[in-house]
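Undergrad: just a sequence and a predicted model for now, questions to come.
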Amino acid sequence: MPLICCPYCFKVLPTWQGVRLHLAHRTPCKSAHQAALAQRPVRVYDPSDPEAHPRDDEPSAGWQSEAMDVMLDQLDHPMDMDKDSTSHPMIEADLASSISTNRPDVTRPAPQTPRNMEAFPGPAGEVHAHRTTRFDLLHEMQHDPEQLLYKPFLDQDEWELAQTLMTSGMSFNHMDKLLKLPITSFTDKRTLLNKVDTLPTGGPEFLCETIMVHGDVRDANGEYMTEELELFYRDPVECIHELMGNPAFCDSLHYVPEHVFEDKKRTEHIYNEMQSKIPTGATICPVILASDKMRLFQFSGDKAAWPGWQLFHYCMRTILSRMVVAGASGVDILCADGGIRKVFPILAAYVADFLEQALVACVKENWCPICKCYPEDCGDPLATIFADDSGTLFRCPADHMQHIDTNSADEAGPRDDVGIREVRQPFWEILPPCDIFHCLTPDILHQLHKGVFKDHLCSWCMKVATHPETDAHFQAIPSHPSVRHFKKGISSISQWSGTEYKNMEKVFVGLMASALPPQAFKVARTVLDFVYLSQYPSHTTTTLNCLQDALNRFHRYKEAFVQSKIRDHFQIPKLHMIEHYVESIMSRGTTDGFNTELPERLHIDFSKVGYRASSRKDFIIQMTRWLTRQEKIHSFSSFLSSHSPDEPDVDDEDCEENLGRLDTVGRTYHIAKCPGFLNTSVSRIINEFGATEFIPAMTAFLRFYLPRCTLDLRVYTRLPMYKHISFMLCSIQQIDDTVIKDVVRATPRVPRRGRTPEVPEHFNTVLIHYGTNAQETGALGYRIGRVWTIFRLPSHIEYPHPLVYVEWYTKFRQPSTGVDMYTVSPTQGKGHAAVVSVQSICRSCHLIPRFGEKIDRTMTTENSLERSKQFYVSEFTDLYTYQFFHD
């Protein structure tokens, strides 16, 4: 039977009369229908025209049949792409014409451009036809009375069981044993996999090409030995179709370039989107490629997959062959908003570590893959190296290929004067247009966290430090929810990862402030400033100037390590690579979009987990099937989520509730529905929690904020107490949607019980809004307090927010000279404690004791806040904190 639904919102209705009533009462559909009628040409009734007569199962000629004919016509066309053509079958000229004439625009409304954005002045991202997205099409088909929403699964329960099993990492053997039990609707693993394979969603198929490699070693017959290799890959153009047409990404896709400014006068340019010149009316699709060496310890012992130079480029040319045609002439793509656009996929960035950047750029490992800096000059600023001839700064693909051709003609080796390796037909030679040297992007993980910071700066600082008690300092740092505690110091860590590097950076400056000579400390400070500034999710002209200034200060102070005889030179390739960060951010966008941590993480899914799910025999083809099934499960889950009724978000912990906004920025807090310490007496608060001035502080709060309150506060008065409170923090720049969960704890020590170890106390420090003067802005408008209790007033007293008891530290003054960090000390005497509302709390903060020349060996992470007399306020806890102190 024909599908009866609204042609604008696609709501399924039982009868045509239901459609008529729906259009009469639902304003958006009514407006869309009136606009469609106004644009439709008048049709003259011709009795001889068979199309003018109504069908038996429909009402007489009118808008219903015409609109539904268009929609039903769309359902007759498959969503699969013709693999032999760059065009999509859904954009045939006759069908596109009928759609653009008869069907109104039902795409999602584009987000409104903020006042500080400037749209691209010329035509770009134009839509020349519309089609129903694959999720909407699938939704219409699934709502046919003869179909089920969860088809091919029987119901929601069977689907959720299949989803759980396929994403659990369980081996197929164990899965088969489970499914053979009578408690499931599946008979064995094969019935489950068959249903998963028939899901109507999924990514492009894997292709396999056999490559015959000729070596340089001869066999017993004198012939050069050969080896047959298999290359598994996906068509990149098919992948672009999949990504741009995925309705789950609809709100994240922008088809027209924009200039983004921080201020309304449009003078502070924000560099977080790539800008590019595009053909008239067309859409540029910036393509990001990534590669990474993978250790195959699960496959072949300790072997590693590291392709040869020529073989690597041959494989990449094979993979990207279709992108060459699409990049030159464009390809029609059905986008997530239902529009069909002419898209030009252009290589915009290549994500790789330093060795692979040299592999891609065809240069030697001790040369820069981006510019022509000589290895002996790579420790100097670019402005100094190329002061006389800035035009020769960056490498040029044409000059690069000319050097290779010259070497071939002379039958000489690679040109040592520019560090080029002779690679026949590098893959980027055929990509239009492509400047591979500008496509190489910063690598935060290997160049900054591991390279400049851990391998070099830490090593230098440990050698020049004035005391050898670094491990003891790391052990005695006060605890903080977002800072790792190095229980055994750092010298005992044998396997470092990105997590250890980042956690060490959070406390490094505070610990080195009293351990390094002044000039050496300035180097450490400037390096950490550069590391944090380079990770900003959005940059302005001002922040880029700060980034460049940090780099300039490093070059100004680095001679301190030469004077200390720690270094003879700074000819370090990774240190030179940070010279290109500012230019890369301005041309390609912020570094968070090109971090090598992402492809390294994908190795877990693409290879390691997939291998564990295989039978270890012919495992690569099994891995491709496993990955395809995982994508089908994920895609079908996204489809169900997009067409299911909206459900309220549920926190990971059932006991938490959202208590609303605290300020205009959108900061909210979560606190447990049930107190962790129910009916806690004031006596226990004072003795066990350490809130010694609780009664006078609480009395002062009630007198000021609730003067009519009749609460008679005694030592036996009982209050509900909470273990922690979580603040949801938005980006200070308010550019991205990143939300940080900031936890503040107030829990006493729990003694050891049997085999259960002792739990130390956690009373965190927070930043509290304290400014009463309009001129007190930034950090000077806040004060640090240590939270000892989190509680509520009794239920018969109406007060909307929880309260905290804090003990103050001294007010902020100007940062310490030479250290450029705020210092605070605990206050004593009258007024050193107060009760404040959580509305006054900005966020948590981390204090690092000023240990001095010699550390007290009795100081631990549990008691360092009590034993220390003076503290540095850490600015490096996270990017939010760093932005707060430097905004």
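TA: All right, it came through fine.
Undergrad: now do stretch 541-550: distance to the chain's middle.
TA: 23 Å (C-alpha atoms, centre = their mean, to the nearest Å).
Undergrad: for that stretch, what is the average pLDDT?
TA: Average pLDDT, stretch 541-550: 93.
Undergrad: buried residues in that stretch?
TA: Buried residues in stretch 541-550, defined by neighbour count with 16 or more other C-beta atoms under 10 Å: 543-544, 546-548, 550. C-betas here are computed from N, CA, C, even on glycine.
Undergrad: now swap in stretch 158-177 and tell me
TA: Neighbour counts over stretch 158-177 (16+ other C-beta under 10 Å) mark 158-159, 161-163, 165-166, 170, 172, 175-176 as buried.
Undergrad: secondary structure and distance to Ser635 for these - can I get that in JSON lines?
TA: Below are these laid out as JSON lines (DSSP: H, G, I helix; E, B strand; the rest coil; distance: C-beta to C-beta, whole Å):
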{"residue": "Glu158", "secondary structure": "helix", "distance to Ser635": "18"}
{"residue": "Trp159", "secondary structure": "helix", "distance to Ser635": "13"}
{"residue": "Leu161", "secondary structure": "helix", "distance to Ser635": "18"}
{"residue": "Ala162", "secondary structure": "helix", "distance to Ser635": "14"}
{"residue": "Gln163", "secondary structure": "helix", "distance to Ser635": "12"}
{"residue": "Leu165", "secondary structure": "helix", "distance to Ser635": "17"}
{"residue": "Met166", "secondary structure": "helix", "distance to Ser635": "12"}
{"residue": "Met170", "secondary structure": "coil", "distance to Ser635": "21"}
{"residue": "Phe172", "secondary structure": "helix", "distance to Ser635": "21"}
{"residue": "Met175", "secondary structure": "helix", "distance to Ser635": "21"}
{"residue": "Asp176", "secondary structure": "helix", "distance to Ser635": "25"}
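Undergrad: nearest to Tyr770, of those?
TA: Using C-beta to C-beta, Gln163 is the member of the buried residues of stretch 158-177 that sits closest to Tyr770, with 50.0 Å.
Undergrad: excluding chain neighbours, what is closest to that closest one?
TA: Distances taken as C-beta to C-beta, 6 or more residues apart in numbering place Ile633 nearest to Gln163, at 5.6 Å, with adjacent residues excluded.
Undergrad: so who does the one you found touch?
TA: Going by C-beta atoms under 8 Å, 6 or more residues apart in numbering, Ile633 touches 162-163, 166-167, 196, 199.
Undergrad: what of Glu429?
TA: Here Glu429 is in contact with 397, 401 (C-beta under 8 Å, 6+ apart).
Undergrad: how long is stretch 217-224 end to end?
TA: End-to-end distance of stretch 217-224 (C-alpha to C-alpha, to the nearest Å): 6 Å.
Undergrad: hey, which helix or strand in the chain has the poorest pLDDT?
TA: One helix or strand of the chain scores below all others by mean pLDDT, DSSP states H and E: helix 93-102, with a mean of 30.
Undergrad: where do the helices sit along the stretch 451-600 of the chain?
TA: 459-464, 470-475, 498-512, 518-533, 541-557, 559-563, 573-577, 581-588, 597-603 (DSSP state H, counting those that start in this stretch).
Undergrad: need these in TSV with distance to Pro675, can you?
TA: Converted to TSV, the helices of the stretch 451-600 of the chain look like this (distance: least, C-beta to C-beta, whole Å):
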stretch	distance to Pro675
helix 459-464	46
helix 470-475	33
helix 498-512	31
helix 518-533	37
helix 541-557	43
helix 559-563	54
helix 573-577	51
helix 581-588	47
helix 597-603	39
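Undergrad: helix, strand or coil for Thr184?
TA: The assignment at Thr184 comes out as coil when based on DSSP: H, G, I helix; E, B strand; the rest coil.
Undergrad: on the pLDDT front, check the residue lying closest to Ala472 once chain neighbours are set aside for me.
TA: In this structure, Ala472 finds its nearest non-sequential neighbour in Ile855, 5.0 Å apart by C-beta to C-beta, 6+ apart. The score at Ile855 is 78. That number is its pLDDT.
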